[in-house]
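*Asks:* structure for the following, please:
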Amino acid sequence: MVELKRTDLSVRAERAILLHTILHKDKDNKDSLAELMSLAKTAGAKVLDSVVQRRRENDPSFYIGKGKVFQLAALCKDKEIDVVICDDDLAPAQVSNLEKVINTKVIDRSELILDIFAARAKTAQAKLQVELAQLEYTRPRLKRMWSHLSRIEGGIGTRGPGEKQLEVDKRLVSKKVFVLKKRLGQIEKRRKHQAKARKEHTTVSLVGYTNTGKSTLMNRLTDAGVFVEDKLFATLDTKTSLCELGNGKKVILSDTVGFIRKLPHHLITSFEATLEEIRWADFLLHVVDVSSPDVIGQVDAVNNVLKELECDKKPTIMVLNKVDVLKDSSIITFFQSKYDNIVTISALTGQDLEKLKQEMVRFANKGCAEIKLECGVSDGRLLAYIYENSRVLNRTFTNSSVHFHIVIEEKNLSKLYRLGGEYLTVTHIS
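*Replies:* As a prediction, the model looks like this:
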């Protein structure tokens, strides 16, 4: 058998076969295979066929059974396949063994997603995050890489006496990962400062499965002009914009990268700076494609990612989108029985957006008090507390005092009064 020489992980414009196993402990999840096909098409691959095998557990050497491997090899030769795309993450040995037998490039789900992310990254931050995710994925798989990383950094002077090329590569990857994490950390600090600067408004994050209409809803609610395309991961960058809810009420709305099932952990950690928007948000809009045949699975996938981000307890409005193309309304009844705070809309047509805005106003005001107060201009601790822990709606100065109109969480009221003492005058509270 001829050993395959791989030069890159790209699947653009390549003829592909999808590879999927159904374990006995799992249900027959056709939606996972359908999602893999969508991912492959998004990456630019031409999917010609799929190979599915039921197994008690995945084979540690080949992922699928050896008989199925030879069947796959014949299919690849017959259809002149360029790449086999596996629906799960593979161990380096599984990739190596499969490629030796079928003589065709094999990539797994993580590699496919990374390829899409690399193509979609536009901003400096997104590019840094994609590069970090690629290196984190590559590090344990360096034995299967084909281009030495030392070419990038010009290996002269970097190799110790008798050191193998693999050890050099590992050192270069670790060094690069350190540099990228440091740069992303600096971006994260800037974003935290920006988040504090936006404290005068309630912050809301759009979350949801990829391609559920989040960006369309963002454009409906704001003038953000977010890129919209009927493909997975149409955009990787967080877009933030002011959202007018009516009667002078405003919130800061942010659109985040869409989730999918089996989202690799290293992608979540690499995109932590982007996903921080979710952690900072006062509440979430979980956008759901209620017309999807796998809507329940998609919601579960999003909830799992939110749990990993420790955001699963955040106040959330469940936004059931695409009701204009929904054929069976019983799914709405199901969600209403399982979740609180349900709103049904169509982001495409604008149906019931006013109801969503009203619910957002209710959430923004929940647990808050609106206060007009007066305090001394020299009371630094009190002023700092007001700016740090409330939304300042209006502020005017006199010679010795400041008049505030603020919205503050009720749990912070007692400390506000304690800091203000006798110098704090409250003229209105609601």
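*Asks:* buried stuff in stretch 79-89?
*Replies:* The neighbour-count check on stretch 79-89 (16 or more other Cβ atoms under 10 Å) flags 81, 82, 83, 84, 85, 86, 87, 88 as buried. Heads up, the C-betas are built off the backbone N, CA and C, glycines and all.
*Asks:* any chance of those in JSON lines with pLDDT and secondary structure as columns?
*Replies:* Output for the buried residues of stretch 79-89, formatted as JSON lines (pLDDT from 0 to 100; DSSP: H, G, I helix; E, B strand; the rest coil):
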{"residue": "81", "pLDDT": "91", "secondary structure": "coil"}
{"residue": "82", "pLDDT": "91", "secondary structure": "coil"}
{"residue": "83", "pLDDT": "91", "secondary structure": "strand"}
{"residue": "84", "pLDDT": "93", "secondary structure": "strand"}
{"residue": "85", "pLDDT": "93", "secondary structure": "strand"}
{"residue": "86", "pLDDT": "93", "secondary structure": "strand"}
{"residue": "87", "pLDDT": "90", "secondary structure": "coil"}
{"residue": "88", "pLDDT": "88", "secondary structure": "coil"}
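*Asks:* please parse the chain into its domains.
*Replies:* Following automatic domain parsing, the chain resolves into domains at 15-115, 121-194, 198-365, 368-429.
*Asks:* worst average pLDDT in those domains?
*Replies:* The weakest mean pLDDT among the domains of the chain belongs to domain 121-194, with a mean of 65.
*Asks:* where exactly do the strands run in the stretch 251-400 of the chain?
*Replies:* In the stretch 251-400 of the chain, the strands defined using DSSP state E, counting those that start in this stretch lie at 283-289, 316-321, 342-344, 368-376, 390-397.
*Asks:* so which of the ones you listed is nearest residue 130?
*Replies:* Residue 130 lies closest to strand 283-289 among the strands of the stretch 251-400 of the chain, at 23.7 Å (Cβ to Cβ).
*Asks:* that closest one pairs with which strands?
*Replies:* strand 202-208 (parallel), strand 316-321 (parallel) (DSSP bridges).
*Asks:* and residue 418, how many neighbours?
*Replies:* 11 (other Cβ atoms under 10 Å).
*Asks:* chain center to the host helix or strand of it: distance?
*Replies:* Counting by DSSP states H and E, the element that carries residue 418 is helix 413-420. On the basis of Cα atoms, centre = their mean, to the nearest Å, helix 413-420 sits 38 Å off its chain's mean C-alpha point.
*Asks:* tell me the angle of it relative to strand 368-376?
*Replies:* Compare the direction of helix 413-420 with that of strand 368-376 by axes from the mean of the first three to the mean of the last three Cα atoms, to 10 degrees and you get 0 degrees.
*Asks:* got the buried residues for helix 413-420?
*Replies:* 413, 416, 419, 420.
*Asks:* for residue 321, state which of the residues you listed is nearest.
*Replies:* Lowest distance from residue 321 to the buried residues of helix 413-420 (Cβ to Cβ) belongs to residue 413, with 36.8 Å.
*Asks:* rewinding a little: dump the strands of the stretch 251-400 of the chain into TSV; add distance to residue 241 and mean neighbour count as well.
*Replies:* Listed next are these as TSV, based on distance: least, Cβ to Cβ, whole Å; neighbours: other Cβ atoms under 10 Å:
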stretch	distance to residue 241	mean neighbour count
strand 283-289	14	24
strand 316-321	17	24
strand 342-344	20	18
strand 368-376	22	18
strand 390-397	17	14
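*Asks:* in TSV: the ones you listed, plus distance to residue 38.
*Replies:* Formatted as TSV, the strands of the stretch 251-400 of the chain follow (distance: least, Cβ to Cβ, whole Å):
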stretch	distance to residue 38
strand 283-289	13
strand 316-321	18
strand 342-344	25
strand 368-376	41
strand 390-397	41
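*Asks:* between those strands, which gets nearest to residue 249?
*Replies:* Closest to residue 249 of the strands of the stretch 251-400 of the chain, according to Cβ to Cβ: strand 390-397, at 10.1 Å.
*Asks:* so what are the sheet partners of the helix or strand that comes right after that closest one and their directions?
*Replies:* The helix or strand immediately downstream of strand 390-397 is strand 401-409, counting by DSSP H and E. Paired with strand 401-409 in the same sheet, following DSSP bridges, are strand 368-376 (antiparallel), strand 390-397 (antiparallel).
*Asks:* which residue is nearest the centroid of the chain?
*Replies:* residue 257 (3.9 Å; Cα atoms, centre = their mean).
*Asks:* verify the stated contact: that residue with residue 238.
*Replies:* Yes: Residue 257 lies in contact with residue 238 (Cβ atoms under 8 Å); the separation is 7.4 Å.
*Asks:* how about the helices in the stretch 1-150 of the chain?
*Replies:* For the stretch 1-150 of the chain, the helices defined by DSSP state H, counting those that start in this stretch occupy 30-43, 66-78, 92-102, 109-120, 124-138, 150-153.
*Asks:* return the list of helices and strands in contact with the second one.
*Replies:* Using 3 or more Cβ pairs under 8 Å, 6 or more residues apart in numbering; DSSP states H and E as the contact criterion, the elements in contact with helix 66-78 are strand 15-23, strand 46-55, helix 92-102.
*Asks:* again with the third one
*Replies:* If you count contacts as 3+ Cβ pairs under 8 Å, 6+ apart, helix 92-102 packs onto helix 66-78, strand 105-107.
*Asks:* redo the ones you listed as TSV? Include distance to residue 47.
*Replies:* What follows is those, written out as TSV (distance: least, Cβ to Cβ, whole Å):
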stretch	distance to residue 47
helix 66-78	13
strand 105-107	13
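*Asks:* quick one: closest of the ones you listed to residue 36.
*Replies:* Among the helices and strands packed on helix 92-102, strand 105-107 sits nearest to residue 36 (Cβ to Cβ), with 11.3 Å.
*Asks:* strands paired with the closest one, and their directions?
*Replies:* Next to strand 105-107 in the sheet, as set by DSSP bridges, lie strand 83-86 (parallel).
*Asks:* no further questions, thank you.
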